[in-house]
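Student: Next input, structure requested:
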Amino acid sequence: MKSIRLFRRRYLPDEMIELKDDKILFMSPEIIVTKWDVLKPRSDIARGYSAYFLDQGVKLSKEYDPQGNLAYWYCDIVKPVIDEAAGTYAFHDLLIDVLIFPDGMVKVVDLDEFADIMEQGILDPADYLAALRTTDALLKKIYGGEEFSRMKKYIEELEG
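Tutor: Purely as a prediction, here's the structure:
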């Protein structure tokens, strides 16, 4: 496998961070699966696995608390920016996130931050529309069950 570098691009705060400690477990033209530990110590999560669905604009993460229990599935709405020649994959966080808790509760978060970046005109209007449409498609998959279960399997089959 060609060596690649992963980055996370945030807008609030404005930063680009290389995910240099993430271990790539699987990679195809459509999906990258990684294993990681948190960048900064947190009380709610300690480690996890992420599946980047490059063609869907979704990063699905299975996140564990410090005791090793499932905290939640965390879905980031992202815009992948890929430079294959340089081997870089930057995932621009479009701020809307969806959490699925172990009891099945679904929670959409950070819409206030999404509104803030819209208000400030930080992104291209096409990115705002893509974020909303991607969130809608993801929620339909979650509520439908079967397609979201297939997405989760990319992580579940590789974790261990």
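
Student: only C-alpha atoms for contact and neighbour calcs from this point on.
Tutor: Will do.

Student: Contacts for the longest helix along the chain next, please.
Tutor: Assignment by DSSP state H gives helix 125-144 as the longest helix of the chain. Helix 125-144 has contacts (Cα atoms under 8 Å, 6 or more residues apart in numbering) with 56-58, 77-79, 94, 96, 118, 147-148.

Student: same thing but 6 Å
Tutor: 147-148 (Cα atoms under 6 Å, 6 or more residues apart in numbering).

Student: Which stretches in the chain count as helices?
Tutor: Using DSSP H, helices in the chain cover 111-120, 125-144, 146-156.

Student: In JSON lines: the ones you listed, plus mean neighbour count and distance to residue 73.
Tutor: As requested, the helices of the chain are exported to JSON lines (neighbours: other Cα atoms under 10 Å; distance: least, Cα to Cα, whole Å):
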{"stretch": "helix 111-120", "mean neighbour count": "14", "distance to residue 73": "18"}
{"stretch": "helix 125-144", "mean neighbour count": "15", "distance to residue 73": "11"}
{"stretch": "helix 146-156", "mean neighbour count": "15", "distance to residue 73": "9"}
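
Student: Show me the shaky parts of the chain.
Tutor: 1-2, 160 (pLDDT under 70).

Student: Give me the nearest residue to the residue positioned nearest the centre of it, chain neighbours excluded.
Tutor: The structure's the chain has its C-alpha centroid closest to residue 59; by Cα atoms, centre = their mean the separation is 2.5 Å. In this structure, residue 59 finds its nearest non-sequential neighbour in residue 52, 4.4 Å apart by Cα to Cα, 6 or more residues apart in numbering.

Student: Residue 120 and residue 91: what is the separation?
Tutor: 21 Å (Cα to Cα, to the nearest Å).

Student: so who does the residue nearest to residue 59 touch?
Tutor: 31-32, 59.
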